[in-house]
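**Q** sequence plus the predicted model coming up.
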Amino acid sequence: MTEPIPVVLADDDEGMRLVMRKLLERSGGFALRGEARDGKELLELVQRHRPQLVLLDVEMPEMSGVECARVIQDTDPATILIFATAHDQYMGDAFSVYAFDYLLKPFKVDRALQTLERVKQVLTTRSTAENAGIRPAARPAATGRLMLKHREGVAFVNMDDILLVQRENRATVLYTVNDGRYVTSDSLSEVEARLDGRLFFRCHKSYIINLNHIDSVTPYGRWTYIVRLRGTKHDALITHEKYEELEKLFG
């Protein structure tokens, strides 16, 4: 990636924020956009700067790191979340919000630097895919139509044209062939209930994918993968459990 990766970090311990700053500087390729001392301040910084990476503690004043992660996921599920905490009992909670990694304090510098390198690799791969000029997939014959509610009224979309449904800026967004984009006030679960279960797969709490358009699946975090779809520059996350379900579907 040519542009530095925007980062926001949050920890109520000033000394730990200094450690994280030094790690980012040593790794290189990152641009620190802001530091937060509590959960509410973190969400304000995320809203203002839209970072690609958030480093955060679990136990913070105002809102916990896990509570903040849920809000961030609903705003932009592609945001990479790395927890750095002294409390290993929260590891399950962290991975329930699809953390990229969970660093236990005091962590080894090499271990943290390896994680930051993996972040750069993931974002570089994603950027390459977005710039590759992916052509839309061939338009299949429609098997059904979906009615979507939005501010101006309703829209009707052919189900076979839908590549991806995701949460984005606290709304539900559908991406279709030929670069179509539809925003609806319906929840992801409401849209899922009306989709053809033979075509669509809920791979993550924030994503639904069209099974006919899967191109590849590659590792992301410790328990998460990236699904790349034919016909769009957008990708989706899939959890380890859902990946196993996907293997069975195609097995």
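**A** Looks like it came in fine. Residues are numbered from 1 along each chain as shown.

**Q** which residues in the stretch 101-250 of the chain form helices?
**A** With DSSP state H, counting those that start in this stretch as the criterion, the stretch 101-250 of the chain has helices at 109-130, 188-194, 240-250.

**Q** CA atoms only: put the shortest one into CSV for me.
**A** So that's helix 188-194. The C-alpha atoms that make up helix 188-194 are tabulated as CSV, following Å, rounded to 0.1, in the frame of the first residue of the first chain:
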residue,chain,number,x,y,z
LEU,A,188,-29.7,-7.4,7.9
SER,A,189,-31.9,-10.1,9.5
GLU,A,190,-35.0,-8.8,7.9
VAL,A,191,-33.3,-8.9,4.5
GLU,A,192,-31.9,-12.3,5.1
ALA,A,193,-35.4,-13.7,5.9
ARG,A,194,-36.6,-12.7,2.5
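
**Q** residues contacting it, please?
**A** Applying C-beta atoms under 8 Å, 6 or more residues apart in numbering, the contact partners of helix 188-194 are 146, 148, 165-167, 172, 174, 184, 200, 202, 205-206, 208. For the C-beta atoms, the positions are set from N, CA and C on the backbone; glycine is no exception.

**Q** now the most centrally placed residue in the chain: phi and psi?
**A** Most central in the chain under C-alpha atoms, centre = their mean is residue 78, positioned 2.3 Å from the mean C-alpha point. The phi/psi pair for residue 78 (degrees, to the nearest 10) reads phi -80, psi -10.

**Q** thinking again about what came up before, from the contacts of helix 188-194, which ones fall inside strands?
**A** 146, 148, 165, 166, 167, 172, 174, 184, 200, 202, 208 (DSSP state E).

**Q** now rank the residues you listed by neighbours and give me the top one.
**A** Among the ones in strands among the contacts of helix 188-194, the one with the most neighbours (other C-beta atoms under 10 Å) is residue 165, at 27 neighbours.

**Q** okay, buried residues for stretch 46-57 please.
**A** Within stretch 46-57, the residues scored as buried using 16 or more other C-beta atoms under 10 Å are 46, 49, 51, 52, 53, 54, 55, 56, 57.

**Q** returning to what we had before: now the helices of the stretch 101-250 of the chain in a markdown table, with mean neighbour count and mean pLDDT?
**A** Formatted as a markdown table, the helices of the stretch 101-250 of the chain follow (neighbours: other C-beta atoms under 10 Å; pLDDT from 0 to 100):
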| stretch | mean neighbour count | mean pLDDT |
| --- | --- | --- |
| helix 109-130 | 16 | 82 |
| helix 188-194 | 15 | 90 |
| helix 240-250 | 12 | 87 |
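
**Q** having no further points to raise, I will conclude here.
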